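Visitor: Quick one, structure for this:
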Amino acid sequence: MKKANYQMLLPNKKVVYLDQDNQGGTNSQSYLALPASSFNKIKHQADVRFAMPTALTFKMPDSKVKLKNLKEQIQALNFEWQAPDEAINSKIDFASSSLAFQNGQYLVNGKETEVEVNSNMENTDKPTPTPALFKGFFRVEGQIITVFFAIIFTVLIIFIAFGRKIYKNMFKR
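Guide: The predicted structure follows:
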């Protein structure tokens, strides 16, 4: 598997110094990632110019309300957005296949593929749970082991009590 030809430069929480490995390479493009929330307070967003390609990051929504708020937040940002089909050409090679995105088309093993987007979250089927083969077996086995250890612990307590009695009786004679 080859390294990606695009990178996103995220802010470091902690500075980490890496050892030299002589496997570094160049990338066709790198994006500086900045949180979009830091741009909400800028009044004249149209005057903002970035010195390098910049990606604005958002927290992933986990509800429909948050998704709606995210869409409104993106629309409120007055920036010129890069269309992915114009500038991004990427390719990932796996052991037996390759995936690519070139000129707005998805390619699988060099053949154009139509990608369907399911945006209706309500109609998605919930995954059916697979029947657990040994579920009952392990529950019964756990109970058997618990009873077994309880018996061993009881016998051990009896041996300790009996041995202590014998030990005390040795000194009474």
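
Visitor: could you point out the longest helix in the chain?
Guide: As assigned by DSSP state H, the longest helix anywhere in the chain is helix 135-172.

Visitor: where in the protein is pLDDT low?
Guide: Low-confidence segments of the chain (pLDDT under 70): 1-9, 12, 16-18, 23-28, 45-46, 83-88, 117-126, 134, 173.

Visitor: And the strands in the chain, which stretches?
Guide: Listed in chain order, the strands found in the chain under DSSP state E are 6-9, 29-35, 54-57, 90-93, 98-102, 105-108, 111-113.

Visitor: Now tabulate the ones you listed in a markdown table and tack on distance to G142.
Guide: The C-beta positions use only the backbone N, C-alpha and C, and glycine is treated the same way. Shown next, in a markdown table, are these (distance: least, Cβ to Cβ, whole Å):
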| stretch | distance to G142 |
| --- | --- |
| strand 6-9 | 47 |
| strand 29-35 | 47 |
| strand 54-57 | 45 |
| strand 90-93 | 44 |
| strand 98-102 | 44 |
| strand 105-108 | 46 |
| strand 111-113 | 48 |
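
Visitor: Those strands: which one's closest to V15?
Guide: strand 6-9 (13.8 Å; Cβ to Cβ).

Visitor: quick one: R139 from A33, how far?
Guide: For R139, the distance to A33 equals 48 Å [Cβ to Cβ, to the nearest Å].
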